[in-house]
Each structure stands twice: as structure tokens, then as C-alpha cells.
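Student: Prediction below, plus the sequence it came from.
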Amino acid sequence: MSGKVQYVYRLYSKNNPATPLSVLSNTLNLYKNEYSGYEAEKRSGRSVHILINNPENGLDYIQLYRISYSISGQLPKISLIKDEKLSGSLIDTGQDIEELGISEFLSMFTPYIYPKQIESKGDYLFAANMEYS
């Protein structure tokens, strides 16, 4: 891996739906040293070690996504890199399970809206007192 990376994840269990995606992590710069980086889109031999606290809510599987910025100003590459039982730490070695398009990834961020009241009037449906998750 080279360039910059960010991570996002969601948790799930075998019998329950997945959580919404987490917020994006801070950007990590993958450099050779403080003065120079690696060539764009070249394998650097570096990996990222990610520590995750196991939640107490019974969700014991994780899907981890990497957003890679190899060339400044171009669209990032988004990949599912882990889909496994949660063990407390993960290592990103640059291997991908599946690559996602930008629109497919952004559609995963759609918030869930729960109205507390729904009323209809004149063939229109009105929702009020909404909660977002």
C-alpha cells in the first residue's frame, strides 16, 4: 500500500442486521520516511494494524472497508478488506475481498429515519418528530 488511507467499519451478528457504517477514520499517510513517499499504486510492503474494542452488544462480526488515495486529485479506491469474526485487532496488508464503486459505497451511508408520528391529509403523508440513526 502507498499513499493515504482511511477506514470505516460496521458490525453485525449472524442473526441480526448490521449496524450503520462508522464515521471515517483519520487519514493515515503511508510514507517511506518523513521526506519521501512510495511510487503511486506500488506495493510498499507496509501494513496497518487496527485495534478494535469488542462491543458488549452481541455483535461479533466486522466488515472493514479501506478508502485508498493513491494519486492526489483522483477518486479513491474503496475496498472491503475484512469480513470476519471480531478478534480485537486486524491487520490491513493491502489485500482486497471486493472493490466497491463510489455510488455503491455512498449508498451505504443512507440514514435510517424513524418518524414518531405519521398522519395523512388530502392524499399526502406527513411524518413528524423524526429520529435519525
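Tutor: Cool, got the structure. Numbers count the residues shown, from 1 in each chain.
Student: Contacts only, for the nearest residue to residue 127 once chain neighbours are set aside.
Tutor: The shortest distance from residue 127 to any non-neighbouring residue, by CB to CB, 6 or more residues apart in numbering, is to residue 115 (3.7 Å). Bear in mind the C-beta positions are built from the backbone N, C-alpha and C, glycine included. The neighbourhood of residue 115, defined by CB atoms under 8 Å, 6 or more residues apart in numbering, consists of 127-130.
Student: Just grab the bridge partners of residue 115 for me.
Tutor: Note on residue 115: beta-bridge partners by DSSP bridges are residue 130.
Student: Can you show me the helices along this structure?
Tutor: Along the chain, counting by DSSP state H, helices occupy 102-107.
Student: Bridged to the closest residue to residue 6 other than its chain neighbours, which residues?
Tutor: Nearest in space to residue 6, with sequence neighbours left out and distances taken as CB to CB, 6+ apart, is residue 67 at 4.5 Å. As for beta bridges, residue 67 partners with residue 6, residue 78 under DSSP bridges.
Student: residue ranges with poor pLDDT in this protein?
Tutor: Scanning the chain with the threshold set as pLDDT under 70 gives 1-2, 31-46, 54-56, 110-112, 133.
Student: how about the strands in the protein?
Tutor: In the chain, the strands defined using DSSP state E lie at 3-12, 28-30, 48-51, 61-69, 77-85, 89-92, 98-100, 113-121, 124-132.
Student: any chance of the ones you listed in CSV, with distance to residue 106 too?
Tutor: As requested, the strands of the chain are exported to CSV (distance: least, CB to CB, whole Å):
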stretch, distance to residue 106
strand 3-12, 11
strand 28-30, 21
strand 48-51, 22
strand 61-69, 11
strand 77-85, 9
strand 89-92, 22
strand 98-100, 10
strand 113-121, 17
strand 124-132, 17
